[in-house]
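>>> sequence plus the predicted model coming up.
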Amino acid sequence: MDEAFERIGIDPAKLTVRHLRSARRSLSLMFSEWPNKGVALWAVDQVTLDMVDGTATYNTTSGTICILDAVLRRSGVDTPMFPMSRSEYAAIPSKTTEGLPSRFYLARAITTPTITVWPVPENSTDDMLYWRVRRLQDVGDPSNTLDVASRWFEPVASGLAAKLAVKFAPDRIKLLVPLAEAAFAEAHREERERGDCQFTLGWS
């Protein structure tokens, strides 16, 4: 926060409660925006969901934004599960068919998104393992450690400065907004997994 306020020309020694509340609010808004722009790898975790015989729909872990990958684990063997849209799920003729779940539909909601699997689980010993993008933790008290990887400190500082400029230093908006966008773009380019890439060619 000190860095951001310095960038808009306000001495951190002169910050008031109003300044701190405004910065915390702007940070929370910025963190809620970032998932719309791409995946933050530090906010990806694995969740194990116990399947229940005859039950198709389950609540996700709190804070789930989207699911990147999923597998169905049976007797120590993992089988890939594939996502489907609401329209695809609606088009399934028999939604009560039981078997080895191979597809899932994530119903995104304001509070708790739900996962619906198909076929419906045929036993209560299988597990669905999924890797989800979670919501970044709320900023909370100014003394809290931000839920951000260190490689994103510059985008945080520059992004917060740009948001604070709108409220406290309009004359610096044209300078700070491009800097914030450039810092985010550079960090986002680095925020990727590294592994082998395979291409499959089809001939017709």
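Sure thing, it's come through. Residues are numbered from 1 along each chain as shown.
>>> work out which residue lies at the spatial centre of this structure.
V133 (3.7 Å; C-alpha atoms, centre = their mean).
>>> show me the beta-bridge partners of that residue.
Beta-bridge partners recorded for V133 (DSSP bridges): V44, C66.
>>> my guess is it contacts P35, does it?
Yes: using C-beta atoms under 8 Å, V133 is in contact with P35, at 6.4 Å. To be clear about C-beta, it is placed using only N, CA and C from the backbone, and glycine gets the same treatment.
>>> who touches both of the two?
A43, I65 (C-beta atoms under 8 Å, 6 or more residues apart in numbering).
>>> what about the strands in this structure?
Here the chain has its strands, by DSSP state E, at 44-50, 57-59, 64-74, 77-83, 98-99, 103-107, 114-118, 120-121, 127-134.
>>> next, give phi and psi for S124.
Dihedral angles of S124 (phi, psi; degrees, to the nearest 10) stand at phi -110, psi 20.
>>> could you dump the strands of the chain to CSV with mean pLDDT?
Rendered in CSV, the data for the strands of the chain read as follows (pLDDT from 0 to 100):
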stretch, mean pLDDT
strand 44-50, 95
strand 57-59, 96
strand 64-74, 94
strand 77-83, 97
strand 98-99, 96
strand 103-107, 96
strand 114-118, 97
strand 120-121, 97
strand 127-134, 95
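>>> residues contacting the residue nearest to the centre of the chain?
V133 sits next to P35, V39, A40, A43, V44, T64, I65, C66, I67, L68 when contact means C-beta under 8 Å, 6+ apart.
>>> show me which of those is closest to R151.
A40 (10.5 Å; C-beta to C-beta).
>>> thinking again about what came up before, could the strands of the chain go into CSV alongside distance to R189?
As requested, the strands of the chain are exported to CSV (distance: least, C-beta to C-beta, whole Å):
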stretch, distance to R189
strand 44-50, 17
strand 57-59, 35
strand 64-74, 19
strand 77-83, 26
strand 98-99, 42
strand 103-107, 27
strand 114-118, 31
strand 120-121, 41
strand 127-134, 18
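>>> quick one: which of those strands is nearest R151?
strand 44-50 (15.0 Å).
>>> chain center to that closest one, what's the gap?
Chain-centre distance of strand 44-50: 14 Å, with C-alpha atoms, centre = their mean, to the nearest Å.
>>> list the buried residues for it?
V47, L49 (16 or more other C-beta atoms under 10 Å).
>>> tell me where this protein has helices.
Applying DSSP state H to the chain gives helices spanning 2-7, 17-33, 86-90, 153-168, 173-190.
>>> now for the ones you listed, which one comes closest to L49?
L49 sits nearest to helix 86-90 of all these, at 17.3 Å, using C-beta to C-beta.
>>> pull the residues that contact that closest one.
For helix 86-90, using C-beta under 8 Å, 6+ apart, the contacting residues are K95, R103, Y105, A107, T116, W118.
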